[in-house]
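S.K.: any chance you can model this:
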Amino acid sequence: MTGGDLTEKRTAAAEAIRSYLASSVPSADTAVRPDGELEVRVAPRDLLRAAQALAEAEPYPLRYLSCVSGVDWVERGRIEVVYSLYSMPGPEAKVSLRVETDRDVARASIPSLAGIWPTADFHEREIYDLLGVTFEGHPDLRRILLDESFVGHPLRKDFVDQRPAARRVTRGDYQA
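M.R.: Here you go, the predicted structure:
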């Protein structure tokens, strides 16, 4: 299969998924990229409905979640969470499901998709740990990389480490 054939198949799949999604979540904003990937943007209130529709989309159910990423958009005052989905078997359909939430840690919250795609479990915990997004309904939302006592979320662009700087060890430290 050549690259052109794959792009054509992905584009056809994207259009089929796009029309299927329009009946389930009319508020979803969709766009087909030149490489055939379907981008879906939804509001947090529509995330669960959109995810369920994508997981059941016919004839291309998106059952493989390969990655969940978080992006801190300081200039927009938002944090974007991106779910990368594929239909299996075969590379026919590729979708990026995007949802934005507030940057304020107290309000940075979206529904968890771990109930739809179990792979989301650790990905969502990582985003919670490093960016401070709370995933409502997550089965075990706790820090995964940093100690519970760590203050802050280090992948936020405005993060400032409050810990004292480590002192550099010199040769004099080893002399009597």
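S.K.: secondary structure element holding G152?
M.R.: Remark: G152 resides in no helix or strand, with elements defined by DSSP states H and E.
S.K.: just the strands in the protein please.
M.R.: Per DSSP state E, the chain carries strands over the ranges 29-32, 38-42, 64-73, 78-86, 94-102, 109-111, 134-136.
S.K.: can you list those in a markdown table and add distance to A57, mean pLDDT and mean neighbour count?
M.R.: Any C-beta I mention is one placed from the backbone N, CA and C, and that applies to glycine too. What follows is the strands of the chain, written out as a markdown table (distance: least, CB to CB, whole Å; pLDDT from 0 to 100; neighbours: other CB atoms under 10 Å):
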| stretch | distance to A57 | mean pLDDT | mean neighbour count |
| --- | --- | --- | --- |
| strand 29-32 | 12 | 96 | 14 |
| strand 38-42 | 10 | 97 | 22 |
| strand 64-73 | 13 | 96 | 17 |
| strand 78-86 | 10 | 97 | 21 |
| strand 94-102 | 9 | 95 | 21 |
| strand 109-111 | 19 | 97 | 19 |
| strand 134-136 | 23 | 97 | 17 |
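S.K.: between the ones you listed, which gets nearest to G172?
M.R.: Smallest distance to G172 across the strands of the chain (CB to CB): 41.2 Å, for strand 64-73.
S.K.: contacts for the helix or strand of the chain with the lowest mean pLDDT?
M.R.: Here the helix or strand of the chain ranked lowest by mean pLDDT, DSSP states H and E is helix 3-24, holding a mean of 89. By CB atoms under 8 Å, 6 or more residues apart in numbering, the residues outside helix 3-24 that reach it are 28, 30, 32, 34-38, 40, 49-50, 52-54, 57-60, 62, 87, 91-95.
S.K.: likewise stretch 151-159?
M.R.: Contact with stretch 151-159 is made by 70, 72, 74, 103, 105, 129-132, 146, 160-162, as judged by CB under 8 Å, 6+ apart.
S.K.: just how off-centre is that stretch within its chain?
M.R.: Relative to its parent chain, stretch 151-159 has a centroid offset of 17 Å by CA atoms, centre = their mean, to the nearest Å.
S.K.: and that stretch, what's its mean pLDDT?
M.R.: The predicted model assigns stretch 151-159 a mean pLDDT of 91.
S.K.: returning to what we had before: which parts of the least confident helix or strand of the chain are buried?
M.R.: K9, R10, T11, A13, A14, A16, I17, R18, Y20, L21 (16 or more other CB atoms under 10 Å).
S.K.: chain neighbours aside, what residue packs nearest to R76?
M.R.: In this structure, R76 finds its nearest non-sequential neighbour in E100, 7.8 Å apart by CB to CB, 6 or more residues apart in numbering.
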